[in-house]
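Participant: coords please:
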Amino acid sequence: MTFFVISYWCDMKYLGIVFLSGMFFGFSGIANAASPTIDDVYQMLLEQKDVQKEQQAKIASLEANQRSLERDVTKSKLREARLRDDLHKAKIQLASVQKATSHDFGEPTYDAPQRDEGFVASAGLLYVMPNISHESQGDITDYNLGFNISAGYQDANNVDFSINYKHFTTDDVLQKNLSTGVLGVDIPVTNIYTVNYDALDFETGKRLQLSDSISMRLSGGLRYATINQNSITQYVAFGNASDVGRESNLWGVGIKAGIAPEWNPNNSNFRIFSSLSGSYLAGKWDSKSSSDAHSSLFSMVDASVGVGYLLPTSIGDIEIKASYQYELLNISDTGSSTYFEYRGYQGAYGSIGYAFGDMN
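Facilitator: Sure thing, here's the model as predicted:
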């Protein structure tokens, strides 16, 4: 029995020694693994730097691809615009050589270039000077600004419907010496003359192609016009100052008709145009200073000549025009024509128009 106890005690002592030795060597290995060398750290930094270089190279490649795509998109848009312009010119040339089989006058004609159905609009500035009938006519040299706006609809057969509004205001000061016939004494006279002009037109028109490069628009409609003038004469005679004022208003409604030929040299987008229209109106003339009012008939003749350029775009056509306009007003009633001195205007006009849809 003593032998077995001694043997068991020796075995347990041996196992304890082995267990402690294993723990010692294990902790030694962990300690050795947790302490990297300088070479290991340097190697890790090199690997991180290589990774950063690869990422920067990928970013630079992506940015280069993006710039290349942007250049390709810009070139594609430019090519598309050139192709649209070439197509527009080809369609005009094709339409100009297509002859109709017959028409009302029994002569050969040409089909006009067709535009897709759509709305048209334009706006421009007037720079005009009024013409007056009294003895100071010709003394007015100042030009004043005004504006003209229009909107309408044009169908595929070159028939259009439009509304047009024109407005300007003038304010001129005329000065001269009036002879009294007494001892050669002249009286200085100052005439302040203002005009407020408004005209509203409702028109329908049809454009005809007369040849390869010449077209003509025929139009008709209604016009409403109202013109207000105010004339104040100031003079000093023998030490006494005096003012004489006279305000008059003329308005009317009537019919209007016009013709507008146009020439496109070499079927280009450049054009030379002119227009001539006349309207005959019935209305009323009244003088606010004397409370007189009379029914009145008067006519208005408008003429213009100018140049323009058509610029096709991807969403429509832009047209730029510059012209010189002249208007003549004539009043049938002799009483009103004596006191109403406005006789029309003349001046320059520039506009920008936009048409939704392309020419066929």
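
Participant: Quickly list the domain ranges of the protein.
Facilitator: When the chain is parsed with automatic domain parsing, its domains come out as 2-79, 108-356.

Participant: quick one: which of these is nearest K91?
Facilitator: Of all the domains of the chain, it is domain 108-356 that lies closest to K91, at 6.9 Å by Cβ to Cβ. C-beta: built from backbone N, CA, C; applies to glycine.

Participant: Can you show me the strands along the stretch 151-300 of the chain?
Facilitator: 159-179, 186-209, 214-237, 240-263, 270-287, 292-312 (DSSP state E, counting those that start in this stretch).

Participant: Same list, these, but as CSV with distance to S61 please.
Facilitator: Below are the strands of the stretch 151-300 of the chain laid out as CSV (distance: least, Cβ to Cβ, whole Å):
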stretch, distance to S61
strand 159-179, 56
strand 186-209, 57
strand 214-237, 57
strand 240-263, 56
strand 270-287, 48
strand 292-312, 40
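
Participant: Of the ones you listed, which is nearest D142?
Facilitator: Between the strands of the stretch 151-300 of the chain, strand 159-179 lies closest to D142; by Cβ to Cβ that is 5.2 Å.

Participant: quick one on the thing from earlier: looking at the domains of the chain, which one is packed in the most?
Facilitator: domain 108-356 (a mean of 16; mean count of other Cβ atoms under 10 Å).

Participant: how much distance is there from that one to the middle of the chain?
Facilitator: 22 Å (Cα atoms, centre = their mean, to the nearest Å).

Participant: Quick one: mean pLDDT for it?
Facilitator: Domain 108-356 shows a mean pLDDT of 84.

Participant: and I318, what are its bridge partners?
Facilitator: Counting by DSSP bridges, I318 forms beta bridges with L311, Y354.

Participant: swap that for S215, please
Facilitator: Applying DSSP bridges, one finds that S215 bridges with Q209, E262.

Participant: Would you check that it makes contact with R207?
Facilitator: Yes - with contact taken as Cβ atoms under 8 Å, S215 and R207 are classed as touching, separated by 5.6 Å.

Participant: Who does Y153 form a beta bridge with?
Facilitator: Applying DSSP bridges, one finds that Y153 bridges with F119, F161.

Participant: Tell me the spacing between it and A64.
Facilitator: Distance, Y153 to A64, by Cβ to Cβ, to the nearest Å: 50 Å.

Participant: And for G316?
Facilitator: 37 Å.

Participant: packing partners for the lengthiest helix in the chain?
Facilitator: Scanning the chain for the longest helix, with DSSP state H as the assignment, gives helix 38-96. Helix 38-96 sits against strand 292-312, with contacts defined as 3 or more Cβ pairs under 8 Å, 6 or more residues apart in numbering; DSSP states H and E.

Participant: I'd assumed D317 was in contact with G118.
Facilitator: No - using Cβ under 8 Å as the test, G118 is too far from D317 to be in contact (9.7 Å).

Participant: rewinding a little: select, out of the strands of the stretch 151-300 of the chain, the one closest to Q48.
Facilitator: Per Cβ to Cβ, nearest to Q48 of these: strand 292-312, 58.4 Å.

Participant: Thank you kindly, that will do.
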